[in-house]
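Visitor: Sequence first, predicted coordinates after that:
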Amino acid sequence: GAVVSQHPSWVICKSGTSVKIECRSLDFQATTMFWYRQFPKQSLMLMATSNEGSKATYEQGVEKDKFLINHASLTLSTLTVTSAHPEDSSFYICSAQTRGRQSLHFGNGTRLTVT
Amino acid sequence: TQLLEQSPQFLSIQEGENLTVYCNSSSVFSSLQWYRQEPGEGPVLLVTVVTGGEVKKLKRLTFQFGDARKDSSLHITAAQPGDTGLYLCAGAPGTGRRALTFGSGTRLQVQP
């Protein structure tokens, strides 16, 4: 149980375009979802925390207008990278948590390459 | 900001050797988790330690949480090539903030 599906697993886009990444909890209600970014050979850096039905809380240094997060339902959160640039190329990972429980369930990540 | 430093950053050993990875912080965590991540995939939870001084074993892996809940270690006995991966510790702050703080990571390579 506790499966988180992330889609797409990889995407290549041209500079200036927008890309949407979906994160779905398949068999549980994700009251909170976290979005992380991971550069090659580095650890996970938290970008934002989103609670279902409310605005996301962004970490310092993460542009909320560039990385749009929507958590409209208890099973789906989306991250849209707007006007992508090559420096946005990274591995984006979501994780989901249900209310009252500490355990986090991670998606398999999305590798974004901006050309 | 709570920081978690892992050491070593990179470790290359032969099959059958033992190793220890350390995760240190100046902050107290309510719990600490260890993950293993393979290239192109999300992290997979190995263990959660909650009590200061707690020791948990998972086959050849032994995890310990420091008495003060500021540090942790992961010891692997008789490493195998299948243990190769990025090992990440992650601390839960406990109050208010719910997001985990991830350590800097230890990349382990076990040569056959």
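Guide: Looks like it came in fine. Numbering: from 1, shown residues only, chains lettered A, B, ... in the order given.

Visitor: Could you pull up phi and psi at the residue of chain A at minimum distance from chain B?
Guide: Using CB to the nearest CB, the closest approach of chain A to chain B is made by residue A:106 at 3.7 Å. Quick note: C-beta positions are derived from backbone N, CA and C, even for glycine. According to degrees, to the nearest 10, the main-chain angles of residue A:106 amount to phi -100, psi 150.

Visitor: now do the one 4 residues further on
Guide: Note on residue A:110: its backbone torsions stand at phi -130, psi 120 [degrees, to the nearest 10].

Visitor: Could you tell me how many residues sit around it?
Guide: As a burial measure, the neighbour count of residue A:110 was computed by other CB atoms under 10 Å in any protein chain shown and equals 24.

Visitor: pretty sure it is touching residue A:92, no?
Guide: Yes: using CB atoms under 8 Å, residue A:110 is in contact with residue A:92, at 4.8 Å.

Visitor: So the residue of chain A closest to chain B versus residue B:88, what's the distance?
Guide: Distance check for residue A:106 against residue B:88: by CB to CB, to the nearest Å, it reads 11 Å.

Visitor: quick one: pLDDT of the residue of chain A closest to chain B?
Guide: At residue A:106, the pLDDT value in this model is 92.

Visitor: What is the neighbour count of it?
Guide: Tallying neighbours of residue A:106 according to other CB under 10 Å, which is how burial is gauged here, yields 22.

Visitor: what's the answer for residue A:75, then?
Guide: Neighbourhood size, residue A:75 [other CB under 10 Å]: 19.

Visitor: Quickly note the distance from it to residue B:85.
Guide: Residue A:75 sits at a distance of 29 Å from residue B:85 (criterion: CB to CB).

Visitor: cool, residue B:7 as well?
Guide: Residue B:7 sits 17 Å away from residue B:85, taking CB to CB as the criterion.

Visitor: Look at those two and report which has more neighbours.
Guide: Taking neighbours as other CB under 10 Å, residue B:7 and residue B:85 compare with residue B:85 leading, 19 against 13.

Visitor: I figured residue B:42 hits residue A:106, correct?
Guide: Yes: if you go by CB under 8 Å, residue B:42 and residue A:106 touch, sitting 3.7 Å apart.

Visitor: what is in contact with those two at once?
Guide: Residues within reach of residue B:42 and of residue A:106 at once, by CB atoms under 8 Å, 6 or more residues apart in numbering or on different chains, are A:4, A:93, A:95.

Visitor: Report the beta-bridge partner residues of the nearest residue to residue A:70 once chain neighbours are set aside.
Guide: The shortest distance from residue A:70 to any non-neighbouring residue, by CB to CB, 6 or more residues apart in numbering or on different chains, is to residue A:78 (4.9 Å). Each beta-bridge partner of residue A:78 is listed here: residue A:22, residue A:70, as defined by DSSP bridges.

Visitor: what's in contact with the host helix or strand of residue B:110?
Guide: When elements are assigned from DSSP states H and E, residue B:110 belongs to strand B:106-111. Contacts of strand B:106-111 from elsewhere in the structure, counted by CB under 8 Å, 6+ apart, are A:41, B:6-15, B:17, B:19, B:21, B:76, B:79-88.
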